[in-house]
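Q: okay, predicted coordinates and the sequence, questions at the end:
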Amino acid sequence: KAGVTQTPRYLIKTRGQQVTLSCSPISGHRSVSWYQQTPGQGLQFLFEYFSETQRNKGNFPGRFSGRQFSNSRSEMNVSTLELGDSALYLCASSFLPSYNEQFFGPGTRLTVL
Amino acid sequence: SQQGEEDPQALSIQEGENATMNCSYKTSINNLQWYRQNSGRGLVHLILIRSNEREKHSGRLRVTLDTSKKSSSLLITASRAADTASYFCATTGANNLFFGTGTRLTVIP
């Protein structure tokens, strides 16, 4: 069974630009969560989608948004990029949003210059 | 914040030795999980212990949970160089996983 895939793996943007990251969950998984990982703040929850609906959202500004498609693939978008948005963005999937075990993708490394 | 804190922040041991990492959290939980992250990569789920369990084993891993002290420990026995990674505890509350700050483990061959 294929794991969680994230594209692109690496991305370099400049301040003020916007970016879209993609996540394909494990086949059959309907819950997708996004996390931001930085050396200073650690792993922080961004949002979670289940069956195309956002179930939970972390404490991030409105510049961070996401969506989920009918095939459970998810995208997250960050608009008006800031230097502090440089981070590893991790996507995780699970069959149900029970948070018993999440399967993580390799992440997208975003660098904002 | 429900975020857990791991202790120590970094640990360096010789291959074959045991490694113990601790996690403390702040609020009541449904379960507690441990994840491993190799440098700059995604996290891998190691083990889950429910709030009504006190100890759990999986291969070379042993996890304990003390809900009265709001703490958990992860023991890796007979460590190997391949165990070099960062280890995170994650607590499950009502809505999502809250990750701790992580322990960076280095196993020296």
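A: Received the coordinates, thanks. Numbers count the residues shown, from 1 in each chain, chains lettered A, B, ... in the order given.

Q: element containing the spatially closest residue to A:Asn59 that is not a sequence neighbour?
A: Spatial nearest neighbour of A:Asn59, excluding adjacent residues (Cβ to Cβ, 6 or more residues apart in numbering or on different chains): A:Gln44 at 7.8 Å. For the C-beta atoms, the positions are set from N, CA and C on the backbone; glycine is no exception. Per DSSP states H and E: A:Gln44 is located in strand A:42-50.

Q: is A:Gly84 in a helix, a strand, or coil?
A: For A:Gly84, the assignment made with DSSP: H, G, I helix; E, B strand; the rest coil gives helix.

Q: tell me how many other residues surround it.
A: A count of nearby residues for A:Gly84, using other Cβ atoms under 10 Å in any protein chain shown, gives 10.

Q: direction included, what does the strand holding A:Gln44 pair against?
A: Sheet pairing of strand A:42-50 (DSSP bridges) gives strand A:31-38 (antiparallel), strand A:53-57 (antiparallel).

Q: with mean pLDDT and mean neighbour count added, can I get those in a markdown table?
A: A markdown table is the format used below for the strands paired with strand A:42-50 (pLDDT from 0 to 100; neighbours: other Cβ atoms under 10 Å in any protein chain shown):
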| stretch | mean pLDDT | mean neighbour count |
| --- | --- | --- |
| strand A:31-38 | 94 | 23 |
| strand A:53-57 | 90 | 14 |
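
Q: nearest to A:Thr111, out of those?
A: strand A:31-38 (11.8 Å; Cβ to Cβ).

Q: now the closest one, how far from the chain's geometric center?
A: 5 Å (Cα atoms, centre = their mean, to the nearest Å).

Q: chain A contacts on chain B?
A: B:3, B:30-31, B:33, B:35, B:40-45, B:48, B:88, B:92, B:95-102 (Cβ under 8 Å from any Cβ of the partner chain).

Q: mind giving me the PyMOL select for those, buried ones only?
A: PyMOL command restricting these to the buried ones, with burial defined by 16 or more other Cβ atoms under 10 Å in any protein chain shown:
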select buried, chain B and resi 3+31+33+35+41+42+43+45+48+88+92+96+97+98+99+100+101+102
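
Q: mind listing what's buried along stretch B:62-82?
A: Under 16+ other Cβ under 10 Å, the buried positions of stretch B:62-82 are B:62-65, B:70-74, B:76, B:79.

Q: ugh, wrong one, stretch A:75-89
A: A:75-76, A:78, A:81, A:85, A:87-89.

Q: what's near enough to touch the most centrally placed residue in chain A?
A: Against the mean C-alpha coordinate of chain A, by Cα atoms, centre = their mean, the closest residue is A:Trp34 at 3.3 Å. Residues counted as contacts of A:Trp34 (Cβ atoms under 8 Å, 6 or more residues apart in numbering or on different chains) are A:23, A:45-48, A:66, A:74, A:76, A:89-92.

Q: beta partners for it?
A: A:Phe47, A:Cys91.

Q: no more questions from me, cheers.
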